[in-house]
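Asks: give me the fold of what follows.
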Amino acid sequence: MAINWGELFPGRWSGVIFVSYMALFINQGIIVTWSQSEGDYKYNFVTVVLLTEIVKLIVSIILYCRDNNASLFFHELIKYRKIFLLYMVPSLLYCFYNNLSFVNLAAFDPTTYYLLLQFRVVITGIIFQVVFKKKLSSKQWISLVILTLGCMMKHIDFNLSSSSLLKNFPLNINLFFIFIQTICSCLAGVYNEYLLKGQGADIDIFLQNAFMYIDSSICNIFLLIVQGNFLKVFDDLGPSILFQPKVLLIIINNAAIGIITSFFLKNLNSILKTFASALELVFTAILCWMIFGIPIYMNTILAIAMVSYAVIIYSQNPVQNVSPKIEVKHDKEEVEELIV
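Replies: A predicted model of the protein is given here:
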């Protein structure tokens with residue numbers, strides 16, 4: 001059966017959004033690892049996440065004001081205050097996700113990090129069914145299972161004994177952090193998509209982005225207060241951040257990720273987003289071999305083959321959401337009940 005490209009990438013810019021999203025996330029793992037010094041950071045990464053949210057907020061407001069009056073922004077902020085408050089949920093989840101990414105990338109190399117994150121594949125499928133009340137077909141579930149097995153295959157060394165294999169997955173706090181990050185990613189991605197295509201379907205996407213980034217900034221400020229580092233924010237803006245090209249690249253790259261993710265969820269869906277994340281594993285492995293000298297073994301080749309096959313199976317029958325405007329008009333009460 002031929003790949004149905006029209007259903008897989010329904011919009012004019014869907015393919016560009018998909019590739020950009022994948023490339024930016026690959027950059028994130030590599031740049032964050034590059035910015036480390038002896039496996040640690042010489043800067044406060046919570047401050048970096050906060051600055052990233054502020055940059056994303058500024059960009060979103062500028063893009064919004066390009067087609068709207070600046071005074072209209074505050075008017076709609078009050079008008080859609082309920083949506084603004086609803087965005088606090090994915091904002092808090094993304095706050096945990098973004099900060100845990102620094103913690104976990106200090107504990108794992110980029111390839112292993114993206115490998116462990118792939119356990120969100122099946123979780124996303126289950127959440128997608130519950131939230132959107134859409135049952136995935138057997139072919140879609142088979143592709144998700146193959147994708148998960150392919151990602152696991154990447155970490156198997158056929159030259160090691162079973163006891164040695166267990167050492168590659170030590171039961172420590174970092175695995176717990178990976179699990180928390182995975183759950184946050186799944187819930188935030190699907191809930192964010194639900195807001196974009198549900199109650200917020202008729203709201204300007206840049207206004208919704210602004211809602212998200214205002215809430216995210218509040219969450220990160222609260223995290224700094226909990227850390228006891230809020231008063232040290234301005235000290236962190238000196239040589240450790242603003243005069244470090246690597247850190248500035250992280251802020252710019254992560255800001256671009258936030259913007260492209262909203263377009264991704266608006267035009268595509270969370271399941272395809274998960275497959276993009278799985279493909280990141282393949283390209284990250286290749287780039288880590290080129291940049292950091294991490295070797296590629298037979299298990300990597302098998303993982304690439306399994307992931308590619310899973311993508312082909314999925315592309316023959318991709319998940320499609322109905323038109324959000326039609327859904328909101330005819331099922332408004334159901335949408336409100338599910339969100340609340």
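
Asks: so how many other residues sit close to L149?
Replies: A count of neighbours around L149, defined by other Cβ atoms under 10 Å, yields 15. Where C-beta positions appear, they are placed from N, C-alpha and C, glycine not excepted.

Asks: what comes up buried for the helix or strand that it is a member of?
Replies: Using DSSP states H and E, L149 falls within helix 138-153. Going by neighbour count (16 or more other Cβ atoms under 10 Å), the buried part of helix 138-153 is 140, 143-144, 146-148, 150-153.

Asks: can you give me the strands in this structure?
Replies: Under the criterion DSSP state E, the chain carries no strands.

Asks: for it, longest helix please?
Replies: Using DSSP state H, we find that the single longest helix of the chain is helix 173-197.

Asks: can you list the helices and strands that that helix packs against?
Replies: Secondary-structure packing of helix 173-197 (3 or more Cβ pairs under 8 Å, 6 or more residues apart in numbering; DSSP states H and E): helix 88-107, helix 110-117, helix 120-132, helix 205-227, helix 245-267, helix 270-291, helix 324-330, helix 332-339.

Asks: looking at those helices, which is buried most?
Replies: helix 110-117 (a mean of 24; mean count of other Cβ atoms under 10 Å).

Asks: elements contacting it?
Replies: Secondary-structure packing of helix 110-117 (3+ Cβ pairs under 8 Å, 6+ apart): helix 14-34, helix 88-107, helix 173-197, helix 270-291.

Asks: select, out of the ones you listed, the one closest to V46.
Replies: Nearest to V46, of all those, is helix 88-107, at 5.8 Å by Cβ to Cβ.

Asks: what mean pLDDT would you report for that closest one?
Replies: Mean per-residue pLDDT for helix 88-107: 92.

Asks: go on, stretch 262-271?
Replies: Average pLDDT, stretch 262-271: 71.

Asks: looking at the helices and strands packed on helix 110-117, which is closest to Q244?
Replies: Nearest of those to Q244, taken as Cβ to Cβ: helix 14-34 at 11.2 Å.

Asks: put the alpha carbons of that closest one into PDB.
Replies: Only the C-alpha atoms of helix 14-34 are listed here, as PDB (Å, rounded to 0.1, in the frame of the first residue of the first chain):
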ATOM      1  CA  SER A  14       3.000  20.500   7.100                       C
ATOM      2  CA  GLY A  15       6.200  18.900   5.800                       C
ATOM      3  CA  VAL A  16       8.300  21.900   6.500                       C
ATOM      4  CA  ILE A  17       6.900  22.100  10.100                       C
ATOM      5  CA  PHE A  18       7.600  18.400  10.600                       C
ATOM      6  CA  VAL A  19      11.200  18.600   9.500                       C
ATOM      7  CA  SER A  20      11.800  21.900  11.400                       C
ATOM      8  CA  TYR A  21      10.400  20.500  14.600                       C
ATOM      9  CA  MET A  22      12.600  17.400  14.300                       C
ATOM     10  CA  ALA A  23      15.800  19.400  13.500                       C
ATOM     11  CA  LEU A  24      15.300  21.800  16.400                       C
ATOM     12  CA  PHE A  25      14.900  19.100  18.900                       C
ATOM     13  CA  ILE A  26      18.000  17.300  17.600                       C
ATOM     14  CA  ASN A  27      19.900  20.500  18.000                       C
ATOM     15  CA  GLN A  28      18.600  20.900  21.600                       C
ATOM     16  CA  GLY A  29      20.200  17.600  22.900                       C
ATOM     17  CA  ILE A  30      23.500  18.300  21.100                       C
ATOM     18  CA  ILE A  31      23.800  22.000  22.100                       C
ATOM     19  CA  VAL A  32      22.900  21.300  25.800                       C
ATOM     20  CA  THR A  33      25.500  18.500  25.900                       C
ATOM     21  CA  TRP A  34      28.000  20.800  24.300                       C
END
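
Asks: same for that helix, what does it pack against?
Replies: Judged by 3+ Cβ pairs under 8 Å, 6+ apart, helix 14-34 is in contact with helix 88-107, helix 110-117, helix 245-267, helix 270-291.

Asks: quick one: which of these is nearest V49?
Replies: Closest approach to V49 among the helices and strands packed on helix 14-34 (Cβ to Cβ): helix 88-107, 4.8 Å.

Asks: let me know the angle separating that closest one from helix 14-34.
Replies: Per axes from the mean of the first three to the mean of the last three Cα atoms, to 10 degrees, the angle that helix 88-107 makes with helix 14-34 is 50 degrees.

Asks: kind regards, and thank you for your time.
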